[in-house]
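Visitor: The following comprises the amino acid sequence and a computationally predicted model.
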Amino acid sequence: MKDILFILVLQLIYVPTFTLRTIMLVKGRSAAASLLGFAEALIYVFGLSIVFSGDQSFMTMFVYALGFGVGILIGTKIEHELAIGYTTLQVILTNNNETLIEQLRSEGYGVTTFVGQGRDEARYKLEILTKRNQEEGLYEVIQDYEPNAFIIAYEPKTFKGGFWVKSMKKRKKKKKIQEPINKDLML
C-alpha cells in the first residue's frame, strides 16, 4: 500500500513537471526547460523502478495511470496561474468607440485601430498586445465599454519593436500602487 501511495505522489509531481517543461520549451525558455527536464527524468526513473520492481498488480498500474491523468490537470492549472507569455487580441466593434480606445491607452495598452468593411456596414478593429497574466483585466475593460465586442485572442510567437514594452512596465507599476495584494488569492 505504501508503494501505491508513493507512485501516486510521484505521478502528481512528475506530470506537472513534464507539462511545465513542455510549455517552457514552446515559450523558448530553454534554461528553465532544462532544469525541469532534469527533475522530470529523476522522478520518472524512481516511479518506474517502483512500478516494475513490485508485483505489478492491477491497482499499481491503475494508480500510475490515475496519477498521470490528475497530474495533467494540476500541470494545466499551474500553467494557467503562471500565465507565461503574451496574447494578441483582435477586437471587432460595430462603432468607432473612442472612449474605449482612450481608456485602453490610458491604462498603458498599445492599441492599433483599423477600419474595414463587414457584410452590412463598416467595422472597427482594435489590435492589442498584452502579457497573458494581464489578459483578464483587458477583457474586463473591453466588456465594460463594448459588451457585444467580438474578440479573438492568440499567442504571438515573436515580435520586435514598438513602444508597448515601456507602457506595460508602467501599467504593472501603477497596478501595484493602486491595488493592495490579496494574500488569500496567492498560491
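Guide: Thanks, I have it.

Visitor: those strands in this protein, which residues are they?
Guide: 86-93, 110-117, 122-131, 150-154 (DSSP state E).

Visitor: Give me the local confidence score for residue 147.
Guide: On pLDDT, residue 147 comes in at 93.

Visitor: Skip the chain neighbours and tell me the closest residue to residue 10.
Guide: residue 47 (4.1 Å; Cβ to Cβ, 6 or more residues apart in numbering). C-beta coordinates here come from the backbone N, C-alpha and C atoms, glycine included.

Visitor: wait, I meant residue 143
Guide: Distances taken as Cβ to Cβ, 6+ apart place residue 149 nearest to residue 143, at 7.3 Å, with adjacent residues excluded.

Visitor: so the one you found sits right up against residue 142, yeah?
Guide: Yes - at 5.5 Å, residue 149 counts as touching residue 142 under the criterion of Cβ atoms under 8 Å.

Visitor: Give me the more crowded residue out of these two.
Guide: Neighbours per residue (other Cβ atoms under 10 Å) separate residue 149 from residue 142, with residue 142 holding more: 22 against 18.

Visitor: How is the chain divided into domains?
Guide: 2-82, 86-178 (automatic domain parsing).

Visitor: Quickly compare those and say which is most buried.
Guide: Per residue and on average, the most neighbours among the domains of the chain fall to domain 2-82, with a mean of 16 (mean count of other Cβ atoms under 10 Å).

Visitor: That domain: how far from the chain's middle?
Guide: Centroid displacement of domain 2-82 relative to its chain, using Cα atoms, centre = their mean, to the nearest Å, is 20 Å.

Visitor: Kindly report the same for stretch 1-8.
Guide: Distance, centroid of stretch 1-8 to centroid of chain: 32 Å (Cα atoms, centre = their mean).

Visitor: Pull the residues that contact stretch 59-77.
Guide: 3-4, 7-20, 47, 51, 54 (Cβ atoms under 8 Å, 6 or more residues apart in numbering).

Visitor: that older thread, ok, which of the strands of the chain comes nearest residue 80?
Guide: Across the strands of the chain, residue 80 has its closest neighbour in strand 86-93 (12.8 Å, Cβ to Cβ).

Visitor: Taking strand 122-131 as reference, get the angle to that closest one.
Guide: 160 degrees (axes from the mean of the first three to the mean of the last three Cα atoms, to 10 degrees).

Visitor: With distance to residue 34 and mean pLDDT added, can I get the strands of the chain in a markdown table?
Guide: Formatted as a markdown table, the entries for the strands of the chain read as follows, by distance: least, Cβ to Cβ, whole Å; pLDDT from 0 to 100:
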| stretch | distance to residue 34 | mean pLDDT |
| --- | --- | --- |
| strand 86-93 | 22 | 91 |
| strand 110-117 | 33 | 90 |
| strand 122-131 | 24 | 91 |
| strand 150-154 | 27 | 93 |
